[in-house]
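S.K.: Return atomic coordinates for the entry below.
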Amino acid sequence: MMEEVSAGGVVIFGNTILLLKKFNGDWVLPKGRVEKDETLKETALREVLEESGVKAEAVKYIGMVHYKYKNLKENEMVYKTVHWYLMKTNSMDCTPQKKEGFVDAVFVHIDKAKNLVRYQDEKNIIIKGLKML
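M.R.: Model prediction:
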């Protein structure tokens with residue numbers, strides 16, 4: 001089984017959270033793979049910037065999530081760990097990264113964001129992160 005480690009952010013601006021919309025219509029939090037010689041926090045901040053154009057600052061570590069998925073190209077199961085950080089930004093300017101597969105990047109009201117995100121583990125991370133504010 002392959003292993004993959006990623007990091008991402010729950011980015012807060014006022015009472016809104018940054019969400020990205022994928023080409024297939026799913027709303028997700030920004031995240032991506034850890035690169036060589038990068039800390040988890042550096043990865044999370046870089047991925048937020050790359051995927052949304054948002055410059056954020058990491059405030060607290062929220063926690064990690066584990067799940068398995070099938071890599072169809074390699075026909076192999078992947079055991080993935082995602083580390084999440086609570087982040088703040090002072091600007092709502094964002095640009096979705098089309099080449100990463102995102103059609104929209106928006107700050108959504110906290111209450112609405114919890115219902116919009118596609119995956120239960122991301123909902124849980126949002127709820128956990130908000131309790132840390």
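S.K.: Now do the same for the most far-flung residue of the chain relative to its centre: its pLDDT.
M.R.: For the chain, the largest distance from the centre (C-alpha atoms, centre = their mean) belongs to residue 75, which lies 25.1 Å off. Reported pLDDT at residue 75 in the predicted model: 93.
S.K.: Give me the phi and psi for it.
M.R.: When quoted as degrees, to the nearest 10, the phi and psi of residue 75 stand at phi 50, psi 50.
S.K.: do the same with residue 8
M.R.: According to degrees, to the nearest 10, residue 8 has phi -150, psi -180.
S.K.: now it, nearest residue through space, not along the chain?
M.R.: residue 31 (2.6 Å; C-beta to C-beta, 6 or more residues apart in numbering). All C-beta spots, glycine's among them, are computed from the backbone N, C-alpha and C.
S.K.: How about residue 76?
M.R.: Excluding its sequence neighbours, the residue lying closest to residue 76 (C-beta to C-beta, 6+ apart) is residue 2, at 5.5 Å.
S.K.: ok, what's across the strand from the one you found?
M.R.: Counting by DSSP bridges, residue 2 forms beta bridges with residue 78.
S.K.: max-length strand in this structure?
M.R.: For the chain, the strand with the greatest residue count under DSSP state E is strand 57-71.
S.K.: and residue 37, backbone torsions?
M.R.: Dihedral angles (degrees, to the nearest 10) for residue 37: phi 60, psi 20.
S.K.: Which residue ranges of the protein form strands?
M.R.: Assigned by DSSP E, the chain shows strands spanning 2-13, 16-22, 27-28, 31-33, 57-71, 76-88, 102-109.
S.K.: With distance to residue 125 and mean neighbour count as new columns, can those be given to me in a markdown table?
M.R.: Formatted as a markdown table, the strands of the chain follow (distance: least, C-beta to C-beta, whole Å; neighbours: other C-beta atoms under 10 Å):
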| stretch | distance to residue 125 | mean neighbour count |
| --- | --- | --- |
| strand 2-13 | 6 | 21 |
| strand 16-22 | 11 | 22 |
| strand 27-28 | 11 | 18 |
| strand 31-33 | 10 | 17 |
| strand 57-71 | 6 | 14 |
| strand 76-88 | 5 | 19 |
| strand 102-109 | 15 | 17 |
